[in-house]
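Chemist: Here's my sequence, what's the structure:
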Amino acid sequence: MKFDLSRIRNIGIAAHVDAGKTTVTERILFYSRRIHKVGEVHEGTTTTDWMVQERERGITITSAVTYCEWNKYRINIIDTPGHVDFTMEVERSMRVLDSVIAVFCAVGCVQSQSETVWRQADRYNVPRLCFVNKMDRVGANFFGVIDEITERLHGKPLVIQLPIGSEVNFEGVIDLIGMEAHRWVDTAGLEIEKGPIPPDLIDVAEEWREKLIDRVSEISEDLMKEFFDGEVQEVTLKAAIRKGTIDGVFTPVLCGSAFRNKGIQALLDAVVDYCPSPLDVPPVEGIHPHTEKPETREADPDAPFAALAFKVATDPHVGRLVYVRVYSGTLLKGKVAMNPRLKKRERVNNILIMHANKRDPVDFIRAGELAAFVGLKLTTTGDTLCDLKDQIALESMYLPEPVITIAIEPKSQAESEKLHSSLRKLADEDPTFKSAIHEETGQTVISGMGELHLDIIVDRLLREFNVEAQVGNPQVAYKETITAKVRMGEKYAHQTGGRGMYAEVVFRVEPLKPGSGIEFESRVGGDKVPKEFHKAIEKGVRNKLQSGILAGYPVIDLKVVLVDGSFHPVDSSDLAFEIASSRTVEKVCKLAHPVLLEPVMKVDIETPEVYLGSINGDLSSRQGLIGRIETRGDGIVNIVARVPLRQLFGYATHLRSNSQGRASSVAEFAEYRPVPENLARTIIPFYDDVMAEISQLEKVKTGK
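Modeler: Residues are numbered from 1 along each chain as shown. So this is what the prediction gives:
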């Protein structure tokens with residue numbers, strides 16, 4: 001069925017692990033009649049958790065794309081993981097979504113990954129709805145969730161439903177838009193009885209209804225006029241809420257219990273009523289790949305084609321799938337699109353509409369839709385596909401750096417090629433997973449976002465790709481940076497009898513704020529260093545910084561400025577300038593007070609109060625700094641601390657065994673911090689020799 005753009009909704013389901021995202025998605029598919037039997041996470045039968053590893057562990061690992069229809073609207077859905085190790089799946093989903101349903105556990109309220117996904121939605125300015133799930137659970141606290149959304153997320157919740165009862169007495173909701181009570185009559189949640197609000201809840205309902213109208217009338221003159229006239233029309237109120245939601249002025253909040261089949265139909269109605277269509281979001285922005293001037297694309301099927309690849313997967317039946325969000329235009333099956341990053345054409349052999357791991361082939365795809373392309377050989381996550389004649393390069397997405405590594409070796413030489421081929425496929429699917437061969441040891445090293453992330457990767461290698469390999473212990477992915485601003489030059493001259501090698505560069509290096517990466521800038525004229533050598537200079541700089549200054553770890557968060565230099569009209573070449581740049585940047589960085597950095601994790605722990613003392617003591621012994629301790633109404637204590645990653649290997653297992661399985665933790669990367677000197681001595685090979693070399697360089701520079 002072909003849908004008008006105004007009747008399309010592209011939504012994501014995002015939350016902390018175990019808040020009920022997949023259960024919400026499963027009920028949405030059931031009530032919209034996309035599936036005819038409800039699957040359960042604990043049984044391993046849900047639609048969107050289709051991977052073997054997901055069904056075994058009861059968690060979402062990869063974002064799954066599906067769709068349904070509700071009241072003649074097309075709703076495209078991405079169910080995202082809740083575990084922080086798979087945060088890239090959420091990141092790339094946020095980049096292409098028009099709105100998000102943020103699911104909160106009524107007992108846990110705002111948890112650590114709730115904060116992470118909220119920040120990700122903020123990064124891409126994605127409008128959202130809130131669904132307070134698990135209202136039937138002991139300790140459910142609807143108003144506690146509202147308070148924490150305001151205080152911890154700095155959100156602007158707009159309550160449009162109130163629960164009728166909670167825990168075992170949760171029986172329905174009060175709809176503050178229509179001012180009526182909704183109760184579920186049957187256990188399947190198919191029959192909803194609408195009637196008057198219970199007498200004991202009328203005062204509370206009128207109080208929150210007044211708050212609702214006060215908030216919404218601030219952005220709607222029509223609503224304010226109707227309010228003063230004494231009769232607010234439901235259609236006016238809904239239109240104002242929709243506008244405020246799309247503009248990010250507030251976030252509508254609903255409640256229910258997905259597992260008990262309560263509240264999903266109203267959530268679907270809210271998606272249709274308040275979430276934006278592709279026509280309601282601003283035109284996508286990019287640059288022209290040749291002129292580098294800003295370009296925009298309207299959500300128009302007749303405009304030039306533009307789409308963003310946000311996910312790559314390998315399907316056992318059709319091969320490599322590239323998931324795309326189409327922002328403008330229409331593409332027919334078998335046609336060619338341009339990849340402006342690679343400056344290459346890619347033919348789309350087939351177009352598939354995905355329902356988790358099932359496929360519906362179509363002949364074309366239009367603006368505002370999600371699809372998977374078959375036949376693309378080179379396009380990867382973050383790439384643009386566009387019209388051949390009217391090109392645009394869309395902004396890519398944020399890619400977090402891996403923080404943990406392990407060594408992996410094939411059990412035999414025959415397995416070596418299979419291992420490296422499989423690693424390439426996995427890295428193609430997951431931009432936060434990297435593999436490399438260590439220069440000194442020759443070992444294959446794989447890197448990821450956490451122990452669980454690498455555990456899943458290794459499990460897939462062994463079972464899905466049938467690779468026989470041995471795995472080492474996890475290691476910390478250290479980094480290096482500089483702490484001072486220094487200027488220095490180096491001349492490289494080499495004569496061999498024929499044409500020589502000559503290049504001179506002078507660099508100024510300076511530290512940048514965390515997360516800035518590496519910046520390179522040239523401030524010399526062509527009379528000193530011709531522009532044709534600048535790429536070679538930058539290549540030499542980046543290659544050396546990637547291989548490290550102190551201990552072979554990548555250097556981050558610094559700016560390198562080419563401020564002077566010289567060349568020879570005959571002897572200068574790209575290679576000469578690349579060598580000179582590599583040598584110079586190494587020396588100038590060693591003079592800029594380099595330090596070794598280690599990843600520090602934010603650890604979010606939930607534990608019964610009886611274990612609080614022992615857990616705090618254990619965190620202190622691991623050099624952890626406790627930032628927050630909060631006690632919830634159900635006797636559960638929430639501890640948030642920052643702990644060096646090197647102290648956290650195996651911590652989740654240790655925590656469970658020391659709390660009789662009643663405490664749990666989630667760790668996510670927080671920042672890089674300088675390593676203490678006593679530890680740096682054990683990490684940096686030949687530490688004293690490196691320090692002596694730096695001291696000698698300082699003496700030469702100062703002339704002492």
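Chemist: for this structure, what helix or strand is lowest in average pLDDT?
Modeler: helix 52-57 (a mean of 61; mean pLDDT, DSSP states H and E).
Chemist: I'd like the next helix or strand past the lengthiest strand in the chain.
Modeler: Longest strand in the chain, counting residues (DSSP state E): strand 595-608. The C-terminal neighbour of strand 595-608 among helices and strands, as given by DSSP states H and E, is helix 612-621.
Chemist: That next one: which residues count as buried?
Modeler: The neighbour-count check on helix 612-621 (16 or more other Cβ atoms under 10 Å) flags 612, 615-616, 618-619 as buried. In this view, the C-beta of every residue, glycine as well, is placed from N, C-alpha and C.
Chemist: Please apply the same query to stretch 363-381.
Modeler: 365-376, 379-381.
Chemist: In strands, which of those appear?
Modeler: Per DSSP E, the subset of the buried residues of stretch 363-381 in strands is 365-366, 370-374.
Chemist: which two in the residues you listed are spaced the farthest apart?
Modeler: Longest distance between any two of these is 17.9 Å, between 366 and 374; criterion Cβ to Cβ.
Chemist: What is the neighbour count of residue 7?
Modeler: 16 (other Cβ atoms under 10 Å).
Chemist: before we move on, back to that, now do the longest strand of the chain and helix 612-621, the angle between them.
Modeler: Going by axes from the mean of the first three to the mean of the last three Cα atoms, to 10 degrees, strand 595-608 is angled at 170 degrees with respect to helix 612-621.
Chemist: For strand 595-608, what does the pLDDT average out to?
Modeler: Confidence over strand 595-608 (mean pLDDT, whole number) is 89.
Chemist: Same question for stretch 648-659.
Modeler: Averaging pLDDT along stretch 648-659 yields 82.
Chemist: What pLDDT does the model give the residue positioned nearest the centre of the chain?
Modeler: Centroid check for the chain by Cα atoms, centre = their mean gives residue 91 as the closest residue, at 2.3 Å. Predicted confidence (pLDDT) for residue 91: 83.
Chemist: pretty sure it is touching residue 120, no?
Modeler: Yes. Look at residue 91 against residue 120 with Cβ atoms under 8 Å: they come within range, at 5.7 Å.
Chemist: returning to that earlier point: alpha carbons of the longest strand of the chain, as PDB, please.
Modeler: This file holds the C-alpha atoms of strand 595-608, laid out as PDB (Å, rounded to 0.1, in the frame of the first residue of the first chain):
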ATOM      1  CA  VAL A 595      50.900  11.600  28.900                       C
ATOM      2  CA  LEU A 596      49.300   8.200  28.800                       C
ATOM      3  CA  LEU A 597      45.500   8.100  29.100                       C
ATOM      4  CA  GLU A 598      43.200   5.400  30.400                       C
ATOM      5  CA  PRO A 599      39.500   4.900  29.900                       C
ATOM      6  CA  VAL A 600      37.400   5.600  33.000                       C
ATOM      7  CA  MET A 601      33.900   4.100  33.100                       C
ATOM      8  CA  LYS A 602      30.700   5.400  34.700                       C
ATOM      9  CA  VAL A 603      29.400   2.400  36.700                       C
ATOM     10  CA  ASP A 604      25.700   2.400  37.600                       C
ATOM     11  CA  ILE A 605      24.900  -0.100  40.300                       C
ATOM     12  CA  GLU A 606      21.500  -1.200  41.700                       C
ATOM     13  CA  THR A 607      21.600  -3.100  45.000                       C
ATOM     14  CA  PRO A 608      19.600  -3.900  48.100                       C
END
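Chemist: List the buried residues of it.
Modeler: 595-607.
Chemist: can I get the residues you listed in a markdown table with distance to residue 323?
Modeler: Formatted as a markdown table, these follow (distance: Cβ to Cβ, whole Å):
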| residue | distance to residue 323 |
| --- | --- |
| 595 | 40 |
| 596 | 38 |
| 597 | 34 |
| 598 | 35 |
| 599 | 29 |
| 600 | 33 |
| 601 | 30 |
| 602 | 30 |
| 603 | 32 |
| 604 | 30 |
| 605 | 35 |
| 606 | 34 |
| 607 | 39 |
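Chemist: low-confidence ranges in the stretch 201-350 of the chain?
Modeler: Across the stretch 201-350 of the chain, nothing is flagged by pLDDT under 70.
Chemist: all strands in it, in order from the N-terminus.
Modeler: Here the stretch 201-350 of the chain has its strands, by DSSP state E, counting those that start in this stretch, at 251-255, 284-287, 294-297, 306-315, 319-328, 330-332, 336-339, 344-347, 350-355.
Chemist: what comes up buried for the second one?
Modeler: If you call a residue buried by 16+ other Cβ under 10 Å, then strand 284-287 has these buried ones: 284, 286-287.
Chemist: Output the contacting helices and strands for it.
Modeler: Helices and strands in packing contact with strand 284-287 are listed as strand 294-297, strand 306-315, strand 393-394; criterion 3 or more Cβ pairs under 8 Å, 6 or more residues apart in numbering; DSSP states H and E.
Chemist: just the buried residues of helix 612-621 now: which is nearest residue 514?
Modeler: Taking Cβ to Cβ as the measure, residue 514 lies nearest residue 619 of the buried residues of helix 612-621, at 23.3 Å.
Chemist: Skipping adjacent residues, who's closest to the closest one in space?
Modeler: Among residues not flanking residue 619 along the chain, residue 641 sits closest, at 5.2 Å (Cβ to Cβ, 6 or more residues apart in numbering).
Chemist: and if you look at residue 299?
Modeler: Nearest one to residue 299, counting by Cβ to Cβ, 6+ apart, is residue 278 at 4.1 Å.
Chemist: Can you verify my assumption that that neighbour contacts residue 98?
Modeler: Yes. Residue 278 is within contact range of residue 98, at 6.3 Å (criterion: Cβ under 8 Å).
Chemist: Can you check which residues contact both of the two?
Modeler: When Cβ atoms under 8 Å, 6 or more residues apart in numbering defines a contact, the residues bordering residue 278 and residue 98 alike are residue 10.
Chemist: What is the burial count for residue 246?
Modeler: Neighbour count for residue 246, taken as other Cβ under 10 Å: 17.
Chemist: who touches it in this structure?
Modeler: 127, 274-276, 280-281.
Chemist: 10 Å instead, please
Modeler: Neighbouring residues of residue 246 by Cβ atoms under 10 Å, 6 or more residues apart in numbering: 98-99, 127, 274-277, 280-281.
Chemist: Between the two ends of stretch 463-471, how far is it?
Modeler: Counting by Cα to Cα, to the nearest Å, you get 14 Å between the two ends of stretch 463-471.
Chemist: Contacts made by it with the rest, please.
Modeler: By Cβ under 10 Å, 6+ apart, stretch 463-471 touches 51-53, 314, 316, 406-412, 414-416, 418-423, 425-426, 444, 446, 454-455, 457-458, 460-462.
Chemist: list the buried ones in that stretch?
Modeler: 464-465, 467, 469, 471.
Chemist: residues contacting the residue nearest to residue 566 when sequence neighbours are not counted?
Modeler: Spatially, and ignoring its direct neighbours in sequence, residue 566 is nearest to residue 504 (4.3 Å; Cβ to Cβ, 6+ apart). Taking Cβ under 10 Å, 6+ apart, we find residue 504 in contact with 489-493, 528-529, 564-568, 572, 576-577, 580, 584.
Chemist: Can you tell me the SS state at residue 504?
Modeler: Under the three-state scheme (DSSP: H, G, I helix; E, B strand; the rest coil), residue 504 adopts strand.
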